[in-house]
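Colleague: Got a predicted structure here, sequence first:
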Amino acid sequence: MGYKSFDEINEKIKCGKAVVVTAEEIIDIVAEKGVKQAAKEVDVVTTGTFGPMCSSGMFINFGHSEPPIRMTKVWLNDVLAYAGVAAVDAYIGATELSETRGMEYGGAHVIEDLIAGKDIKLYAESYGTDCYPRKEITTYINKNNVNQAYMFNPRNAYQNYAVAANTTNRIIHTYMGTLLPNLGNVTYTTSGELSPLLNDPYYRTIGIGTRVFLGGAQGYVAWEGTQHNPSQKRRENGVPLSSAGTLALIGDIKQMSTRFIRAAVFEKYGVTLFVGVGIPIPILDEELLINTCVKNSEIFANIYDYGVQSRNKPVLGSVSYEELRSGTIEINGKKVPTAPLSSLKKAREIAELLKQQIMKGEFFISQPVASLPLENKGNTLDIRGIENEKD
Amino acid sequence: MKKIKVALYFPATEVTKPITYHLIKDYDLQINILNADINLNRQGKLVMDMIGTEWNIEAGLKYIEDQGLKYKLFTKSIIWQEEGCVHCGACTAVCPSGALQMDKESWNLTFDKEKCMICELCVKACPLKVMCVSV
């Protein structure tokens, strides 16, 4: 039943002969031509997503000053970066808040500003050593005068996600946006039928080492993402009923664009990062093609009550992406307006751009060097010992 | 002709008065109600566009005051800095007037200034901070 190999598809890409379509376009193509014919003709299906992804950040190496310093604490534009690695290496997380500006500026903004080419103020402290005598440094860095600056996001591209609702009688502010009281609205995030992992639900072609579009650059899948939960219950078509697989992604900040990486602030929640991700799915056989034909009407997500402050939020129902996209859904007989949090417009832009890059021979597909786990038990953090005792 | 946007605040005792009727009939004002929250025996709020001659608008506002109501003119407006917008849709979750909506084909954000009640909820809800208030 196999038609093509990774190498054969790359040969076609090299010659500019690959047939590439987006995960939205493939639906009509298959309806018209049928699975067999379409699987022979189409080489690659591109996906895209552009949503807020908190679990993002950047490794950066500043180069050595004269005299040198072994940085123990580092701030970038007053945002604390983790410096417990080597002398001039640091990691800045997207959600870290500015020590002077609070929630209006954070790690995500530092990353966006660096990509934009702006100067970033670097302040670092040290205890001083024989090999690194300097104890303090203040200077400015930008993407041209640092050594490596690469995004490393522990968890991106969630395979499906919750729909958020609020049954309490007060407005609540969450990472799923502002939720109005008494089921006044629901919010949802993922690009549905265009979302990467929903188009390859069993991770047959997306694995460790897969080349991906990340923030405008060519990045890679580094590992399974944190909280990767492939054991989530699935429908017959393989689509999980709620959040399931995730990806850890890596890519060169210097090649990225603020068109596809944007800092964001969710009121009274904090700072996060909009990350643009696109993943090409090679059509090696019919089964892979069938998976990419998944439609919004076949993708369901659970509605959770975010008014309940527990890790086990009550499920208020299940709803399809087609219903979510219609603008109104029904919960317990009540009509509730829906609002997206991830940009479908941008997701389409990414899938289309990736398609163009592959057709022009600028982006090649890659066979995973190892598969993502298909089984994984999610753990919870249980409290042991004396509560709230730090030392 | 002049056009203003105004919010009328009805004390609980005055909600039964046919204020809008008199504004239209006695002062020749074109009234377009944008939002109404009127309940018997509770303070109410009515947001409206008012179109008429300058003289009639002033007289109409005086009539409102004479009836024991308070009003607030909308002098501010919401500005959508579109070039920085990513069209995520987070603002549409909180917009009570329907001024901010997603186009169901292109999934572009659309902003109908006429419908906007300047409640400012979108200013805080926008993750990119591209909605702001003009003064």
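Modeller: Great, that's in hand. Residues are numbered from 1 along each chain as shown, chains lettered A, B, ... in the order given.
Colleague: Can you tell me which residues in chain A are near chain B?
Modeller: The interface of chain A toward chain B, taken as CB under 8 Å from any CB of the partner chain, is made up of A:50-52, A:104, A:177-180, A:185, A:187, A:262, A:264-267, A:272, A:274, A:325, A:327, A:337, A:339-346, A:348. C-betas here are computed from N, CA, C, even on glycine.
Colleague: In strands only, show me the residues you listed.
Modeller: The strands in this structure, assigned by DSSP state E, contain A:50-52, A:104, A:177-179, A:187, A:262, A:264-266, A:272, A:274, A:337, A:339-340 from those.
Colleague: hmm, back to that, narrow the residues of chain A next to chain B to just the buried residues.
Modeller: Taking 16 or more other CB atoms under 10 Å in any protein chain shown as the criterion, what is buried in the residues of chain A next to chain B is A:50-52, A:177-180, A:185, A:187, A:262, A:264-267, A:272, A:274, A:325, A:337, A:339-346, A:348.
Colleague: Counting by contacts, list what the helix ranked longest in chain B packs against.
Modeller: Scanning chain B for the longest helix, with DSSP state H as the assignment, gives helix B:54-66. The elements that helix B:54-66 packs onto, with contact taken as 3 or more CB pairs under 8 Å, 6 or more residues apart in numbering or on different chains; DSSP states H and E, are strand B:2-10, helix B:19-27, strand B:44-52, strand B:70-73.
Colleague: quick one, it and helix B:19-27 angle?
Modeller: Taking axes from the mean of the first three to the mean of the last three CA atoms, to 10 degrees, one finds helix B:54-66 and helix B:19-27 inclined to each other by 140 degrees.
Colleague: Which parts of the stretch 1-150 of chain A are helices?
Modeller: In the stretch 1-150 of chain A, the helices defined using DSSP state H, counting those that start in this stretch lie at A:6-14, A:25-33, A:35-41, A:107-115.
Colleague: what's the most buried one of these?
Modeller: Neighbour counts averaged per stretch over the helices of the stretch 1-150 of chain A are highest for helix A:107-115, at a mean of 26; criterion: mean count of other CB atoms under 10 Å in any protein chain shown.
Colleague: avg pLDDT for that helix?
Modeller: Throughout helix A:107-115, pLDDT has a mean value of 98.
Colleague: how is the chain carved up into domains?
Modeller: The chain I'm using is chain A. Using automatic domain parsing, the domains assigned to chain A come out as A:6-53+A:152-359, A:63-146.
Colleague: if you could check chain B rather than the one you did, that'd help
Modeller: In the recorded assignment (automatic domain parsing), chain B comprises B:2-73, B:78-134.
Colleague: So is the shortest one next to chain A?
Modeller: Yes - Domain B:78-134 reaches chain A (CB under 8 Å from any CB) through B:86-90, B:92-94, B:102, B:104, B:106-108, B:121, B:124-125, B:127-129.
Colleague: Which parts of the stretch 151-300 of chain A are helices?
Modeller: Read by DSSP H, counting those that start in this stretch, the stretch 151-300 of chain A holds these helices, from start to end of the chain: A:286-292.
Colleague: Mind jotting down where the strands sit in it?
Modeller: Listed from the start of the chain, the stretch 151-300 of chain A has strands (DSSP state E, counting those that start in this stretch) covering A:163-165, A:172-174, A:177-179, A:186-188, A:211-214, A:217-224, A:247-252, A:261-266, A:270-278, A:280-282, A:300-305.
Colleague: In CSV: those strands, plus mean pLDDT.
Modeller: What follows is the strands of the stretch 151-300 of chain A, written out as CSV (pLDDT from 0 to 100):
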stretch, mean pLDDT
strand A:163-165, 98
strand A:172-174, 97
strand A:177-179, 96
strand A:186-188, 98
strand A:211-214, 98
strand A:217-224, 98
strand A:247-252, 98
strand A:261-266, 98
strand A:270-278, 98
strand A:280-282, 98
strand A:300-305, 98
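Colleague: Which positions in stretch A:221-232 come out as buried?
Modeller: Within stretch A:221-232, the residues that qualify as buried by neighbour count (16+ other CB under 10 Å) are A:221, A:222, A:223, A:224, A:225, A:227, A:228, A:229, A:230, A:232.
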